[in-house]
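>>> when you get a sec, could you give me coordinates for this:
(one chain, ligands or ions: 2)
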Amino acid sequence: MDLTSYAEWAVRLVNDPDPPPELRGLRDELVAVFASADEDTLVARLNALLVRYPVRPQLSGHDGQRWHLHLADDSAACAVMGLAAVVAELGADRLGRCQDARCSRAFLDTSSNRSRRYCSARCASRANVAAYRARRSNGQ
Ligand SMILES: [Zn+2]
Ligand SMILES: [Zn+2]
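Ligands and ions are numbered 1, 2, ... in the order given. Purely as a prediction, here's the structure:
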């Protein structure tokens, strides 16, 4: 099972301004995870969601593959499990929000040095241009 792809799905849901009605509640809960003020809060919120949306693993064999585990078809449980796996394997600081105040979209920081600050190259370059203009108008 590829937990990172579930985590990426969770991020897409957080960034979806108009999710399908059946995912609205989950989206609000995941937004709260990403908006956590500190790591303890983030982990406590994820742990609460892990209790509320338990995963039900199933052995599956298809397309000539060996038996392997699938999470039962429950997108909420998979999303929560995916985010929890990212925190466990990479760290809670990998769940980021874009530093551009007008954007603040969620992202997963998979950079090797945990340096990611913006959701996209577009937001990063917009911030660079703004910083450049600010320096110039200060006469530097
Ligand atoms: Zn499979
Ligand atoms: Zn952004």
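>>> which one's the longest helix in this protein?
As far as residue count goes, and with DSSP state H defining each element, the longest helix of the chain is helix 121-137.
>>> got the contact list for it?
Helix 121-137 has contacts (Cβ atoms under 8 Å, 6 or more residues apart in numbering) with Cys98, Gln99, Asp100, Cys103, Arg105, Arg117, Tyr118. Just so you know, the C-beta spots here come from the backbone N, C-alpha and C atoms, and that holds for glycine as well.
>>> mind putting those in TSV, pLDDT included?
Putting those into TSV (pLDDT from 0 to 100) gives the following:
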residue	pLDDT
Cys98	94
Gln99	92
Asp100	90
Cys103	92
Arg105	95
Arg117	93
Tyr118	95
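>>> among the residues you listed, which are located in strands?
Counting by DSSP state E, these place none of their members in strands.
>>> quick one: contacts for the residue nearest in space to the middle of the chain?
Centroid-nearest residue in the chain: Val11, 3.8 Å away (criterion: Cα atoms, centre = their mean). Taking Cβ under 8 Å, 6+ apart as the contact definition, Val11 lies against Ala106, Phe107, Leu108.
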